[in-house]
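Undergrad: Okay, sequence plus prediction incoming.
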Amino acid sequence: MFFKKVHGIQLWKLNLRFKKLGLSRSWMEETKNGVIQLFLDPIETDRYSSPEVQAEINEVINELEGVETFRLCVFKECKILYKEQLTDNALSRWIEVTILEEKQKLIS
């Protein structure tokens with residue numbers, strides 16, 4: 001998994017970013033209206049990715065260890081989606097983390 005890429009996204013970098021974000025609690029400062037954006041390297045292309053490719057990217061990202069660490073550290077329910085926007089000569093890509101609501105604390 002260390003040097004694995006999925007459609008040009010280096011998974012080890014993304015995994016590390018999620019771990020750092022969760023453990024440092026810096027996500028609180030980076031949240032804008034309950035949304036955190038993690039920008040990825042753009043791809044030089046003139047079209048969007050297919051829905052199948054986007055679904056595969058979403059699936060792989062949500063299975064990362066760093067994403068699980070982030071969810072555990074945040075103690076809130078979050079939705080993680082891959083997004084993209086077509087510009088002049090490139091496809092801008094980012095991960096959008098939406099913090100939904102606080103998880104119910106279990107009383108033992």
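TA: All right, it came through fine. Numbering: from 1, shown residues only.

Undergrad: residue boundaries of the helices in the chain?
TA: For the chain, helices defined by DSSP state H occupy the ranges 11-24, 27-30, 51-62, 65-74.

Undergrad: Need those in CSV (columns: mean pLDDT and mean neighbour count).
TA: The way it works is simple: take the backbone N, C-alpha and C, and place the C-beta from them, glycine included. Shown next, in CSV, are the helices of the chain (pLDDT from 0 to 100; neighbours: other CB atoms under 10 Å):
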stretch, mean pLDDT, mean neighbour count
helix 11-24, 88, 17
helix 27-30, 68, 13
helix 51-62, 93, 14
helix 65-74, 87, 17
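
Undergrad: centroid residue for this protein?
TA: Centroid check for the chain by CA atoms, centre = their mean gives residue 95 as the closest residue, at 3.9 Å.

Undergrad: Isn't residue 5 up against residue 11?
TA: Yes: between residue 5 and residue 11 there is a contact under CB atoms under 8 Å: 6.7 Å.

Undergrad: tell me, what's touching these two both at once?
TA: When CB atoms under 8 Å, 6 or more residues apart in numbering defines a contact, no residue borders residue 5 and residue 11 alike.

Undergrad: and residue 56, what is it in contact with?
TA: Counting by CB under 8 Å, 6+ apart, residue 56 has contacts 6-7.
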